[in-house]
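Chemist: model this:
(2 chains)
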There are 2 protein chains.
Amino acid sequence: MKKIDTSKKFLIIGLGLLGGCYAKALKKKGFSVAAITREQADIDYAVAEGIIDKGSVTPDRELIEEADIMVFALYPHTFVEWIREYGELIKEGCVLTDVTGVKGCIVYEIQSMLKPGVEFIAAHPMAGREVSGVRNSDESIFHGANYIVVPTDKNTFGAIELCKELGQLLGFARVSVLNPEKHDEMIAFLSQLTHCIAVSLMCANDNPGLVFYTGDSFRDLTRIANINDEMWSELFLANREALLKEMEKYRNTFDKLYNCVKNNDREEMRSMMRISTERRGEFNKKNRE
Amino acid sequence: MKKIDTSKKFLIIGLGLLGGCYAKALKKKGFSVAAITREQADIDYAVAEGIIDKGSVTPDRELIEEADIMVFALYPHTFVEWIREYGELIKEGCVLTDVTGVKGCIVYEIQSMLKPGVEFIAAHPMAGREVSGVRNSDESIFHGANYIVVPTDKNTFGAIELCKELGQLLGFARVSVLNPEKHDEMIAFLSQLTHCIAVSLMCANDNPGLVFYTGDSFRDLTRIANINDEMWSELFLANREALLKEMEKYRNTFDKLYNCVKNNDREEMRSMMRISTERRGEFNKKNRE
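Modeler: The predicted structure follows:
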């Protein structure tokens, strides 16, 4: 497997927070990076700051034709629409990857739309911030974070290896591989359910005085309650079946704890707390590796 | 109201994490601090490190008699037992305060047990760590944090003011006042419910691979899943009615979001997300003050 060398030209589609982080990390490694995004102001800012070399607000034929690796950082439905409209412009040999938070509902469709010689290998960088836009991009969010490569049977060994290498290049701490179905199940639990919990917690109490009495636990649990409703509602519905399943599992466990409190069942409550502590401890250990 | 001056002698009962933080903060302000705690090793460590001036593993008559301000950092039932057994030793004019996470179930009982001239003014420092013991104490957890004074009708203006001043001395960012019932309701939501959620989330999935795929949101939501089961099960049951009410409110909100996902009701989902974002935004702003 040939290493990704700096002769490769990257093209980012969608220069928001994550697109900006990819661009910054890649530029620091010496790559040539271009971008296509909606707002001219974002292109101007990114060129002025040295985040990209050049960019366009239209699907510029020249930029697309010269790209060796394209990174799609769009909402799921926008990604599919983009490929449908402009996929023909991508040159043979180009490898496409993405940052989309759901996979099953887009990966197969996109792979089936691409012309021969163009390969899409999906990936999910498990990093983000509560703010959006290229101006808030900061590639250090990748350090210590997880990166998941999500291949299907259609992917070649070469593209999978290239995608893993990209994860390392970007500075992720751990690169893993999951198929789209396992990915979506995992993400329903780890990411989507946690956002559901944070939103529910924040919506459950309208007392404006909370902030004067709170401790860190509530702050931590609601950090992600500051949520982009357009993006997350799309992600939730794009992964609806898996999310509903994880919501049900969690609610059953919460109900079990509720019944412990209701029935003064201190032993069962402590047993749940011990399982919780043991699992979280393992987590801390692995996080430090 | 006379300021708390450094002639005042403090006595900490229970030299664990929080007791240790109080001792460290007070010593740095020039106060004389003694402690009574269970383990000789903790006394030896704290004296050697200059965290306290002296200490005892028994309810030493001399230490108790010379104390001007006593800080109880014990589990709720141990606090009540201590006062029942040794309350007689406390000198007239001494002010008692505490760090207990529940109030209604102890404050009235303790106030009714004290002899005339000894006053208990309850307080709740909204700060903690996932580790315990005096060795992990670090008074910087108070900086930026909230401190709640919890008086009853029995408390004097002087003791309430003294307790507020103590919160400021210790380095808390905000000092508030709530009655025991309002305090317990607030704490059921902000602290106990969040711990219920974290434990439930951690118990809902036994996949050992989670750690390789996780992002920050899951890490944040489960930080407090590392939980002292002896202490928290006691706190939950000591505040059972208020906690059950908050658990129900939260579960109803979670169910509302579940139904949005189930019914593909994107508009209602986005509306909840916008409420969540707006409330959390206000929160961030106030946190920075």
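
Chemist: Next, count neighbours for the closest residue to residue A:51 other than its chain neighbours.
Modeler: Using C-beta to C-beta, 6 or more residues apart in numbering or on different chains and skipping the chain neighbours, the partner closest in space to residue A:51 is residue A:23 (4.9 Å). C-beta coordinates here come from the backbone N, C-alpha and C atoms, glycine included. Neighbouring residues of residue A:23 were enumerated by other C-beta atoms under 10 Å in any protein chain shown; the total is 29.

Chemist: Settle this for me: residue A:23 is touching residue A:137, isn't it.
Modeler: Yes: with contact defined as C-beta atoms under 8 Å, residue A:23 reaches residue A:137; the gap is 7.4 Å.

Chemist: joint contacts of the two?
Modeler: Shared contacts of residue A:23 and residue A:137, defined by C-beta atoms under 8 Å, 6 or more residues apart in numbering or on different chains, comprise residue A:51.

Chemist: just to revisit the earlier point, and the residue nearest to residue A:51, what pLDDT?
Modeler: As predicted, residue A:23 sits at a pLDDT of 98.

Chemist: same check, this time on residue A:211
Modeler: Predicted confidence (pLDDT) for residue A:211: 87.

Chemist: what do you get for residue A:224?
Modeler: As predicted, residue A:224 sits at a pLDDT of 93.

Chemist: What segments of chain A are strands?
Modeler: Using DSSP state E, the strands of chain A run over residues A:9-13, A:32-36, A:54-56, A:69-72, A:95-98, A:119-120, A:122-126, A:146-150, A:174-177.

Chemist: residues making contact with the shortest one?
Modeler: Spelled out, that is strand A:119-120. Residues from elsewhere that reach strand A:119-120 (C-beta under 8 Å, 6+ apart): A:94, A:95, A:96, A:97, A:98, A:107, A:110, A:111, A:114, A:155, A:156, A:159.

Chemist: do the same with the first one
Modeler: When contacts are defined by C-beta under 8 Å, 6+ apart, strand A:9-13 is touched by residues A:19, A:22-23, A:26, A:31-37, A:52, A:63-64, A:66-74, A:82.

Chemist: hmm, try it at 7 Å
Modeler: Strand A:9-13 is contacted from outside by A:19, A:22-23, A:26, A:31-36, A:63-64, A:66-74, A:82, using C-beta atoms under 7 Å, 6 or more residues apart in numbering or on different chains.

Chemist: Then stretch A:159-177?
Modeler: A:1, A:3-4, A:22, A:25, A:29, A:95, A:97, A:119, A:121, A:123, A:125, A:139, A:142-149, A:151, B:212-213.

Chemist: cool, and stretch A:188-205?
Modeler: Residues from elsewhere that reach stretch A:188-205, judged by C-beta under 7 Å, 6+ apart: A:101, A:221-222, A:224-225, A:227, A:232, A:235-236, A:239, A:242-243, A:245-247, A:250, B:189, B:197, B:201, B:205, B:210, B:213-215, B:217-218, B:221, B:249-250, B:253-254, B:257, B:272-273, B:275-276, B:279-280.

Chemist: how many neighbours does the residue nearest to residue A:134 when sequence neighbours are not counted have?
Modeler: Spatial nearest neighbour of residue A:134, chain neighbours left out: residue A:20 (3.7 Å); criterion: C-beta to C-beta, 6+ apart. The criterion is other C-beta under 10 Å. On that basis, residue A:20 has 29 neighbouring residues.

Chemist: So residue A:20 versus residue A:26, what's the distance?
Modeler: Noted for residue A:20: a distance of 11 Å to residue A:26, by C-beta to C-beta, to the nearest Å.

Chemist: Quick one: buried ones out of the contacts of stretch A:188-205?
Modeler: Buried members of those, scored by 16 or more other C-beta atoms under 10 Å in any protein chain shown, are A:101, A:221-222, A:224-225, A:227, A:232, A:235-236, A:239, A:242-243, A:246-247, A:250, B:189, B:197, B:201, B:205, B:210, B:213-215, B:217-218, B:221, B:249-250, B:253-254, B:257, B:272-273, B:275-276, B:279-280.

Chemist: closest to residue B:264 among the contacts of strand A:119-120?
Modeler: Lowest distance from residue B:264 to these (C-beta to C-beta) belongs to residue A:107, with 21.6 Å.

Chemist: before we move on, back to that, and the buried ones among the contacts of stretch A:188-205, which of them are in helices?
Modeler: Per DSSP state H, helices hold the following members of the buried ones among the contacts of stretch A:188-205: A:221-222, A:232, A:235-236, A:242-243, A:246-247, A:250, B:197, B:201, B:217-218, B:221, B:249-250, B:253-254, B:257, B:272-273, B:275-276, B:279-280.

Chemist: Low-confidence regions, the stretch 1-150 of chain A specifically.
Modeler: Within the stretch 1-150 of chain A, the segments meeting pLDDT under 70 span A:1-2.

Chemist: Tell me the residues of it that contact chain B?
Modeler: Proximity of the stretch 1-150 of chain A to chain B (C-beta under 7 Å from any C-beta of the partner chain) is limited to residues A:126, A:127, A:128, A:145, A:146, A:148.

Chemist: Try it again at 10 Å.
Modeler: Among all residues of the stretch 1-150 of chain A, those adjacent to chain B (criterion: C-beta under 10 Å from any C-beta of the partner chain) are A:101, A:124-130, A:141, A:144-148.

Chemist: surely residue A:272 meets residue A:258?
Modeler: No: judged on C-beta atoms under 10 Å, residue A:272 makes no contact with residue A:258 at a distance of 11.1 Å.

Chemist: got a list of what residue A:245 touches?
Modeler: By C-beta atoms under 10 Å, 6 or more residues apart in numbering or on different chains, the residues touching residue A:245 are A:185, A:188, A:189, A:193.

Chemist: From residue B:266, how far out is the last one?
Modeler: If I follow you right, that is residue A:193. For residue A:193 relative to residue B:266 (C-beta to C-beta), the value is 18 Å.

Chemist: same thing with the third one?
Modeler: Counting by C-beta to C-beta, the gap between residue A:189 and residue B:266 amounts to 21 Å.

Chemist: Quick check, residue A:115 in contact with residue A:92.
Modeler: Yes: in terms of C-beta under 10 Å, residue A:115 counts as a neighbour of residue A:92; the distance is 7.7 Å.

Chemist: and residue A:45, what does it touch?
Modeler: The contact partners of residue A:45, by C-beta under 10 Å, 6+ apart, come to A:15, A:20, A:39, A:51, A:52, A:133, A:134, A:135.

Chemist: Grab the nearest non-local neighbour of residue A:229.
Modeler: Residue nearest to residue A:229 in three dimensions, not counting chain neighbours: residue B:273, with 3.7 Å by C-beta to C-beta, 6+ apart.

Chemist: ok, the one you found touching residue A:230?
Modeler: Yes: with contact defined as C-beta under 10 Å, residue B:273 counts as touching residue A:230 (8.9 Å).

Chemist: so who does residue A:147 touch?
Modeler: For residue A:147, the contact set (C-beta under 10 Å, 6+ apart) comprises A:99, A:123-127, A:163-164, A:166-168, A:170-176, B:213.

Chemist: how about 8 Å then?
Modeler: Residue A:147 neighbours (C-beta under 8 Å, 6+ apart): A:123, A:124, A:125, A:126, A:167, A:170, A:172, A:174, A:175, A:176.

Chemist: Beta-bridge partners for it, please?
Modeler: Beta-bridge pairing for residue A:147 (DSSP bridges): residue A:125, residue A:175.

Chemist: roughly how far apart are it and residue A:21?
Modeler: On the measure of C-beta to C-beta, residue A:147 and residue A:21 end up 12 Å apart.

Chemist: now swap in residue A:178 and tell me
Modeler: To residue A:21, residue A:178 is 21 Å away according to C-beta to C-beta.

Chemist: These two - which one has more neighbours?
Modeler: residue A:21 (28 against 21).
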